[in-house]
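**Student:** structure for the following, please:
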Amino acid sequence: MIETLLTTRDLPGSALAQLLETRDASLAQRLKDCARKRCLEVKGPQVLIRALIEWSNVCRNDCLYCGIRRSRTDVPRYSLSPDQIFECCDKAWRDGVQTFVLQGGENPAAALGLVPVVREIHKRWPQAAITLSLGELPFETYAALKEAGANRYLLRHETANPKHYVSIHPEGMRLETRLACIRELKRLGYETGMGMMVGSPGQTTEDLVQDLRLMQEMGPHMIGMGPFIPQDNTPLESYPAGSAETTLRLIAILRLMFPEANIPATTALATLLPGGKLSGIQAGANVIMNVYTPQAERKKYDLYKGKSDV
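**Tutor:** Sure, this is the predicted structure:
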């Protein structure tokens with residue numbers, strides 16, 4: 001089964017479900033080992049380091065799982081100034097990191113205001129890659145950010161099941177809107193990322209297989225995913241966290257399906273699993289996000305309980 005996935009980059013849905021659910025530890029380990037070997041063959045031994053700059057926790061959305069959801073009045077809000085963002089970029093560059101990732105809550109007006117900031121980053125560090133993760137925005141804002149020098153955009157689809165999507169998002173948010181944004185980002189020439197939240201309330205193995213099928217259809221350049229981790233004072237705070245083991249198996253499956261993709265070992269995985277970043281690399285991931293958000297603001301970008309700030 002693993003050999004078939006390696007050679008054909010695909011398996012029937014029932015076989016994918018079996019890999020995700022198996023209690024055979026040796027089979028699961030062979031899957032991860034095969035993915036790690038494939039990653040080394042295709043991507044080489046270097047682990048890519050990205051500088052994560054959480055530039056703002058102001059968000060218009062009220063997603064049921066998110067620690068910076070709009071209705072949380074106990075969260076002190078912040079937005080970094082342009083100079084603060086440049087200081088983060090400068091520190092990352094001096095550390096040898098050549099990709100800056102600007103991540104923030106969904107705020108279309110503020111995102112449009114980032115256009116001159118992105119342009120200045122591109123001017124000061126022309127060799128750096130600029131990745132954005134700012135949610136659903138007007139298409140003209142995506143275009144303006146691209147023209148200013150942004151190269152990549154990560155917009156996780158969270159779940160490919162439309163009913164499940166509605167169950168964990170506020171009224172008015174729809175999966176088809178998110179997918180339309182991803183398609184437009186690809187059309188504009190961004191290296192585009194997708195990904196899901198693993199183990200969110202109501203998610204099934206069949207949903208995860210559907211996620212894999214969606215990504216086969218969309219062909220992302222980056223795949224960012226991590227386990228669901230509940231946060232206090234959110235509607236989903238009482239639900240159990242997702243499975244780190246399932247997340248690792250998905251990383252391995254996706255490496256074999258998308259050998260050229262950049263796949264991070266995420267902060268959420270490191271939060272849930274001690275040594276999670278290394279475990280992700282050993283399962284086929286090739287990217288690590290290091291947090292460069294100023295120390296004074298890091299705890300305010302508190303997406304889930306216990307969030308690692310490294």
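**Student:** check which helix or strand I53 maps to.
**Tutor:** strand 48-56 (DSSP states H and E).
**Student:** quick check, pLDDT for A35.
**Tutor:** At A35 the predicted local distance difference test score is 98.
**Student:** look up how far K91 lies from it.
**Tutor:** 33 Å (C-beta to C-beta, to the nearest Å). Bear in mind the C-beta positions are built from the backbone N, C-alpha and C, glycine included.
**Student:** who has more neighbours, those two?
**Tutor:** A35 (28 against 14; other C-beta atoms under 10 Å).
**Student:** for the more buried one, give me its contacts.
**Tutor:** I251, A252, I253, R255, L256, A283, G284 (C-beta atoms under 8 Å, 6 or more residues apart in numbering).
**Student:** what's the closest non-adjacent residue to it?
**Tutor:** What sits nearest to A35 in space, not counting adjacent residues and going by C-beta to C-beta, 6 or more residues apart in numbering, is G284, at 3.2 Å.
**Student:** got a list of what that neighbour touches?
**Tutor:** G284 touches K32, A35, R36, R38, C39, I251, A252, L254, R255, L256, I263, counting by C-beta under 8 Å, 6+ apart.
**Student:** swap the cut-off to 10 Å and go again
**Tutor:** Neighbour list for G284: 31-40, 43, 248-256, 258-259, 261, 263, 265 [criterion: C-beta atoms under 10 Å, 6 or more residues apart in numbering].
**Student:** separate out the buried members of those residues.
**Tutor:** Among the contacts of G284, those scoring as buried are 31-32, 34-36, 38-39, 43, 248-256, 258-259, 261, 263, 265 (criterion: 16 or more other C-beta atoms under 10 Å).
**Student:** which ones among these are found in helices?
**Tutor:** Secondary structure from DSSP state H places 31-32, 34-36, 38-39, 43, 248-256 of the buried ones among the contacts of G284 in helices.
**Student:** okay, now the unreliable bits of the protein?
**Tutor:** 305, 307-310 (pLDDT under 70).
**Student:** ok, 80 please
**Tutor:** 305-310 (pLDDT under 80).
**Student:** now for the strand holding I53, which elements pack on it?
**Tutor:** Under the contact criterion of 3 or more C-beta pairs under 10 Å, 6 or more residues apart in numbering; DSSP states H and E, strand 48-56 touches helix 82-94, strand 99-104, helix 108-113, strand 129-133, strand 264-265, strand 287-291, helix 295-298.
**Student:** would a markdown table of those with distance to C63 be doable?
**Tutor:** Conversion of these to a markdown table gives the following (distance: least, C-beta to C-beta, whole Å):
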| stretch | distance to C63 |
| --- | --- |
| helix 82-94 | 24 |
| strand 99-104 | 14 |
| helix 108-113 | 16 |
| strand 129-133 | 14 |
| strand 264-265 | 21 |
| strand 287-291 | 20 |
| helix 295-298 | 21 |
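**Student:** to L11, which of these lies closest?
**Tutor:** strand 264-265 (23.3 Å; C-beta to C-beta).
**Student:** ok, and what's touching that closest one?
**Tutor:** So strand 264-265 is contacted by 47-48, 50, 52, 101, 154, 193, 195, 222-226, 247-248, 251, 273, 276-289 (C-beta under 10 Å, 6+ apart).
**Student:** cool, stretch 115-125 as well?
**Tutor:** Here stretch 115-125 makes contact (C-beta under 10 Å, 6+ apart) with 53, 55, 80-83, 85-86, 89-90, 92-93, 98, 100, 102, 111, 114, 128-130, 132, 141, 144-151.
**Student:** what about 8 Å?
**Tutor:** With C-beta under 8 Å, 6+ apart, stretch 115-125 has contacts from 82, 85-86, 89, 93, 98, 100, 102, 128, 130, 132, 141, 144-145, 148-150.
**Student:** and if you look at stretch 65-73?
**Tutor:** With C-beta under 8 Å, 6+ apart, stretch 65-73 has contacts from 57-63, 75, 105, 168, 197, 200, 228, 230-236, 301-305, 307.
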